[in-house]
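Engineer: Here is a sequence together with a model predicted from it:
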Amino acid sequence: MDAIKHISSIQNPEIRQLQHWSQKSRDRRKSGVFVLEGYRELGLALQGGYRIRTLYYCPEILGDERRQALSDRAGCSWVSLSPEVYSHLAYRGKTEGVIGLVEAREHRLQDLELEGKNPLILVAQAPEKPGNLGALLRTADAASLDAVIVADLKGDLYNPNVIRSSVGCLFTVPVAQASTEEALAYLKARDIAVYAASLGGSVRYDQADYLGASAIAVGTEATGLTEAWTRQAEACVEIPMAGAIDSMNVSVAAAVLLFEARRQRGFENITNP
């Protein structure tokens, strides 16, 4: 292995640039990169075909065995960091000693290819919080979905909070971004029925038929889906509430709907890795 550069100052220009990419969505989009922390997350990104430009690690934290395993797969340069510099960069409280600079993807809807005749898709319209979007991606992975379409996204898929709350599932499920109009046109062109989660929906969620090609759409916790989705949906589905409040966290609601669809389709197609 070639000699490894070592950085021991938090004022180093390379460290300051990494901080900008980690904190500034505009800088990430302009440069086409994002900062990814964690051994598991980096492994999932590699598994998903992402290209890592550079790996930054703290020798006092990352063991030789894990470093070699990543090195064998990533085929990129390494930079050694002092514990002070690493803790300055690290986003998480509990860390694994490695951070990667990774090339981003465009996530264009026209590039989304669905396998099979009966896809099951999650549509998330205008998710309000990065943590909610990350949790939705984690749910999508757990339900082994064919794709996630994020409509009208106001933030950034590569926000550290999205990646952290998704526990790397941003890299395990095909994800596309689009406007509501583009997403609806895409689904209609492929005869994929839309089931819109809605308070006061006309159909109870477990009475809808998700056996055909289906897209389950969820909106914001504050206002739900816009009329464009509810008007063009095959059905507006409702989860009955038995308590004092009339709604639940969007990722929890999505999980209820998606696993009902999985129950109807049978769980035999889901296998633990």
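Structural biologist: That came through, no problem. Only a predicted model underlies this, so the values are computations on that prediction, with no experimental measurement involved.
Engineer: what pLDDT does the residue nearest the centre of the chain get?
Structural biologist: Centroid check for the chain by Cα atoms, centre = their mean gives L170 as the closest residue, at 2.9 Å. As predicted, L170 sits at a pLDDT of 97.
Engineer: how much space is there between it and D206?
Structural biologist: L170 is 29 Å from D206, where distance means Cβ to Cβ, to the nearest Å. For the C-beta atoms, the positions are set from N, CA and C on the backbone; glycine is no exception.
Engineer: again, but for L101
Structural biologist: Using Cβ to Cβ, L101 is found at 45 Å from D206.
Engineer: Which one of these two is surrounded by more residues?
Structural biologist: L101 (22 against 15; other Cβ atoms under 10 Å).
Engineer: What are the buried residues along the strand or helix carrying that one?
Structural biologist: L101 is part of strand 98-103, with elements assigned from DSSP states H and E. Within strand 98-103, the residues scored as buried using 16 or more other Cβ atoms under 10 Å are 98-102.
Engineer: can I get these in JSON lines with distance to A193?
Structural biologist: Shown next, in JSON lines, are the buried residues of strand 98-103 (distance: Cβ to Cβ, whole Å):
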{"residue": "V98", "distance to A193": "43"}
{"residue": "I99", "distance to A193": "42"}
{"residue": "G100", "distance to A193": "39"}
{"residue": "L101", "distance to A193": "41"}
{"residue": "V102", "distance to A193": "35"}
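Engineer: which residues in the stretch 151-273 of the chain form helices?
Structural biologist: Per DSSP state H, counting those that start in this stretch, the stretch 151-273 of the chain carries helices over the ranges 160-166, 180-189, 227-232, 250-265.
Engineer: highest average neighbour count across the ones you listed?
Structural biologist: Neighbour counts (mean count of other Cβ atoms under 10 Å) averaged over each of the helices of the stretch 151-273 of the chain peak at helix 160-166, with a mean of 22.
Engineer: Could you name the helices and strands sitting against that one?
Structural biologist: strand 33-37, helix 130-142 (3 or more Cβ pairs under 8 Å, 6 or more residues apart in numbering; DSSP states H and E).
Engineer: now with 10 Å?
Structural biologist: strand 33-37, helix 39-47, helix 130-142 (3 or more Cβ pairs under 10 Å, 6 or more residues apart in numbering; DSSP states H and E).
Engineer: could I have it exported to PDB, CA atoms only?
Structural biologist: Once non-C-alpha atoms are left out, helix 160-166 reads as follows in PDB (Å, rounded to 0.1, in the frame of the first residue of the first chain):
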ATOM      1  CA  PRO A 160     -26.200  13.600   6.800                       C
ATOM      2  CA  ASN A 161     -29.500  13.200   8.800                       C
ATOM      3  CA  VAL A 162     -31.100  11.400   5.900                       C
ATOM      4  CA  ILE A 163     -28.200   9.000   5.700                       C
ATOM      5  CA  ARG A 164     -27.900   8.500   9.400                       C
ATOM      6  CA  SER A 165     -31.600   7.800  10.000                       C
ATOM      7  CA  SER A 166     -31.700   5.500   7.000                       C
END
